[in-house]
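Visitor: Mind folding the following:
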Amino acid sequence: IKQLKEPLRDRKKTKNIKHSGNLTKAQLFDIVRQMRPKSLSKEFKGTVKEVLGTCNAVGCTVEGMKPMALQTAIDNDEFECPES
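Guide: Sure, this is the predicted structure:
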């Protein structure tokens, strides 16, 4: 959510907010590298899919594509993930 660069809000007053931001591949992989030590997945692309699931729940997109479409692209080896 920090990468979306949204203004601060009062959490007690504003509820059910939609985060309609767009991330780049570089920002996505930067987030994944930060979350990698906490992840339970064996491979890097598993951690990418975990972060994409969070993106889907929050409501942001990655380079204009929906996160669920990117997850299926990763499963079909159409989306390139670096090794680390």
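Visitor: rest of the way, CA atoms for contacts and neighbours
Guide: OK.
Visitor: roughly how far out does the worst-scoring helix or strand of the chain on mean pLDDT sit from the chain middle?
Guide: Scoring the helices and strands of the chain by mean pLDDT, DSSP states H and E places strand 22-23 at the bottom, with a mean of 84. Computed by C-alpha atoms, centre = their mean, to the nearest Å, the separation of strand 22-23 from the middle of its chain amounts to 9 Å.
Visitor: That strand pairs with which strands, parallel or anti?
Guide: Partners of strand 22-23 in the sheet, by DSSP bridges, are strand 61-62 (parallel).
Visitor: buried set for whichever helix or strand comes after the partner strand?
Guide: Per DSSP states H and E, strand 61-62 leads on to helix 67-75 as the next helix or strand towards the C-terminus. Going by neighbour count (16 or more other C-alpha atoms under 10 Å), the buried part of helix 67-75 is 67, 70-71, 74.
Visitor: Output helix 67-75 as CSV - backbone C-alpha positions only.
Guide: Taking Å, rounded to 0.1, in the frame of the first residue of the first chain, the C-alpha atoms of helix 67-75 are listed here in CSV:
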residue,chain,number,x,y,z
PRO,A,67,-3.7,-9.4,-10.5
MET,A,68,-5.7,-12.6,-11.1
ALA,A,69,-4.8,-12.4,-14.8
LEU,A,70,-1.1,-12.1,-13.9
GLN,A,71,-1.4,-15.1,-11.6
THR,A,72,-2.7,-17.3,-14.4
ALA,A,73,0.0,-15.9,-16.7
ILE,A,74,2.6,-17.0,-14.1
ASP,A,75,1.1,-20.5,-14.0
